[in-house]
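Novice: From the sequence below, what's the structure:
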Amino acid sequence: MSPTDPMDDGARPATPAARDTGPGTSEDRPADTTRPVRDTGPGKAPALLAARVPLGRSTAWTTRAAFGAAGLGNLYRPVTDEDAALALATAWDRGLRSFDTAPHYGLGLSERRLGAFLRDRRRDAYTVSTKVGRLLVPAPGGTGDDLANGFAVPATHRRAWDFTADGVRRSLEQSLERLGLDRVDTVYLHDPDHHADQALREAYPALERLRSEGVVRAIGIGMNQTAVPARFVTDTDIDVVLLAGRYTLLDQSGLDVLLPAARRRGVSVVAGGVFNSGLLADPRPGAPYDYATAPADTLARALRLREVCARHGVPLRAAAARFPLGHPAVAGVLLGLRSAEEVTDAADLLDTPVPDALWDELRTARHLSADVPVPGPGVSRP
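Specialist: Alright, predicted model coming up:
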């Protein structure tokens, strides 16, 4: 998963009998991804934004909108400590209670900032996810910055791919130290594109053991492709997939195999990258699409989508943020946020009513195929 698409209390059942843990042995039954866990309190946030949804059959949950904290790791440009704290405080006030981070994001800066905000809050009031697969190794005498990897931070460490069982435990221990927390709720295998076999053979069993021991409540995989996550959904007992950019208004490739498999096996999906790197937020010549300049035909599609949305008085960004929630396997959307202004905008977008007529026109104009599920008023609509 690229850094631009980053991708949250109670003890977990500790006995293997509580669930089928071997590869391919999970019962193929759908998770109830529309059942809120509980209310978040009076009047603080729109019901859709703050609704808490279980992740698969685990005891972990996500709010329908979750805070993606890659930006707090100085993604592309610096963010001050004060602005990072204000962004998180604004998200909290608007009802977001699920937060996603990773060691990769700013060489640990995102985890440190997120932990500083969360550690004084009641632990059962929020969920936090982090990722394993990249160990941060000190780089004594390192000079320069980390912008080659997308982050405006000093190059104090280097990343080392490690999907061994020992690497998983070391990575999680280091994350907990940076966060200043005694546990996280969800741990994802992060971008094992070129390490899929090792991740399946070594890293996944290590995560499964951590889950059975109650160290974490949910385990999953986070990527911006569908083939490897689909393999994990089919062959393991993960709880959740963090899918970046593959279930959006422009790219529904997640529907081919991954989302149907997740629905059958009771695995939740958290949709990240809902704007496809920015094109669906602001379609214009030169706009990015999946980390490169958008091709002319893709830009034209985005502009046509914007025209349809405008006819219904809905910003394209609002439709793009809401669209993934129409699929019954999708528990929530993960939005990359870095400032109070961005948080406020995102919350307002998800509170924007999207009429059924807009989705109907997108289908009629073949921007969406007839069998793509779309959101209704708070629930999916076939």
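Novice: can we go C-alpha only for contacts and neighbour counts from here?
Specialist: Noted.
Novice: can you pull out the helices in the protein?
Specialist: 47-50, 81-93, 109-118, 165-179, 196-198, 204-212, 227-235, 258-265, 296-311, 316-322, 340-350, 356-364 (DSSP state H).
Novice: ranking those by burial, who's on top?
Specialist: helix 316-322 (a mean of 25; mean count of other CA atoms under 10 Å).
Novice: Contacts made by that helix with the rest, please.
Specialist: For helix 316-322, contacts defined as CA atoms under 8 Å, 6 or more residues apart in numbering pick out 248-249, 274-275, 280-282, 305-306, 309-310, 333, 349-350, 352, 354, 375.
Novice: on that earlier part again, which of the helices of the chain sits closest to V241?
Specialist: helix 227-235 (6.8 Å; CA to CA).
Novice: Show me what that closest one is packed up against.
Specialist: strand 218-223, helix 258-265 (3 or more CA pairs under 8 Å, 6 or more residues apart in numbering; DSSP states H and E).
Novice: please redo it, this time with the cut-off set to 6 Å
Specialist: When contacts are defined as 3 or more CA pairs under 6 Å, 6 or more residues apart in numbering; DSSP states H and E, helix 227-235 packs onto no helix or strand at all.
Novice: Just want the angle from it to helix 258-265.
Specialist: Computed by axes from the mean of the first three to the mean of the last three CA atoms, to 10 degrees, the angle separating helix 227-235 from helix 258-265 equals 10 degrees.
Novice: distance of G71 from A87?
Specialist: 10 Å (CA to CA, to the nearest Å).
Novice: brain fart, A281
Specialist: From A281 to A87 the distance is 19 Å (CA to CA).
Novice: With mean pLDDT added, can I get the helices of the chain in CSV?
Specialist: Shown next, in CSV, are the helices of the chain (pLDDT from 0 to 100):
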stretch, mean pLDDT
helix 47-50, 77
helix 81-93, 98
helix 109-118, 98
helix 165-179, 98
helix 196-198, 98
helix 204-212, 98
helix 227-235, 98
helix 258-265, 98
helix 296-311, 98
helix 316-322, 97
helix 340-350, 95
helix 356-364, 97
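Novice: so which of those helices gets nearest G133?
Specialist: The nearest among the helices of the chain, by CA to CA, is helix 165-179 at 6.7 Å.
Novice: can you give me the angle the closest one makes with helix 109-118?
Specialist: Going by the same axes, to 10 degrees, helix 165-179 makes 50 degrees with helix 109-118.
Novice: Can you give the distance from helix 165-179 to the centre of its chain?
Specialist: 20 Å (CA atoms, centre = their mean, to the nearest Å).
Novice: helices or strands next to it in the packing?
Specialist: helix 109-118.
Novice: so the helix it packs on versus helix 81-93, what angle?
Specialist: 60 degrees.
Novice: list the helices and strands helix 109-118 packs on?
Specialist: helix 165-179.
Novice: got the angle between the helix it packs on and helix 204-212?
Specialist: Using the same axes, to 10 degrees: helix 165-179 against helix 204-212 is 50 degrees.
Novice: Just the CA coordinates for helix 165-179, please, in PDB.
Specialist: Listed next in PDB are the C-alpha coordinates belonging to helix 165-179 (Å, rounded to 0.1, in the frame of the first residue of the first chain):
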ATOM      1  CA  ALA A 165       7.400 -14.600  13.000                       C
ATOM      2  CA  ASP A 166      10.200 -12.900  15.000                       C
ATOM      3  CA  GLY A 167       9.900  -9.800  12.800                       C
ATOM      4  CA  VAL A 168       6.100  -9.600  13.400                       C
ATOM      5  CA  ARG A 169       6.600  -9.700  17.200                       C
ATOM      6  CA  ARG A 170       9.500  -7.200  17.200                       C
ATOM      7  CA  SER A 171       7.600  -4.800  14.900                       C
ATOM      8  CA  LEU A 172       4.500  -4.900  17.200                       C
ATOM      9  CA  GLU A 173       6.600  -4.400  20.300                       C
ATOM     10  CA  GLN A 174       8.300  -1.400  18.800                       C
ATOM     11  CA  SER A 175       4.900   0.000  17.700                       C
ATOM     12  CA  LEU A 176       3.500  -0.300  21.200                       C
ATOM     13  CA  GLU A 177       6.600   1.500  22.600                       C
ATOM     14  CA  ARG A 178       6.100   4.400  20.100                       C
ATOM     15  CA  LEU A 179       2.400   4.500  20.700                       C
END
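Novice: what's that helix in contact with?
Specialist: E111, R112, G115, V132, L135, E202, A203, A206 (CA atoms under 6 Å, 6 or more residues apart in numbering).
Novice: out of those residues, who's nearest A91?
Specialist: Of these, the one sitting nearest to A91 (CA to CA) turns out to be G115, at 14.6 Å.
Novice: residues touching the closest one, list them.
Specialist: Applying CA under 6 Å, 6+ apart, the residues near G115 are L179, G180.
Novice: Now I219. Nearest residue, chain neighbours left out?
Specialist: Nearest non-adjacent residue to I219, counting by CA to CA, 6 or more residues apart in numbering: V187, 5.0 Å away.
Novice: ugh, typo on my part, it should be V374
Specialist: G326 (4.2 Å).
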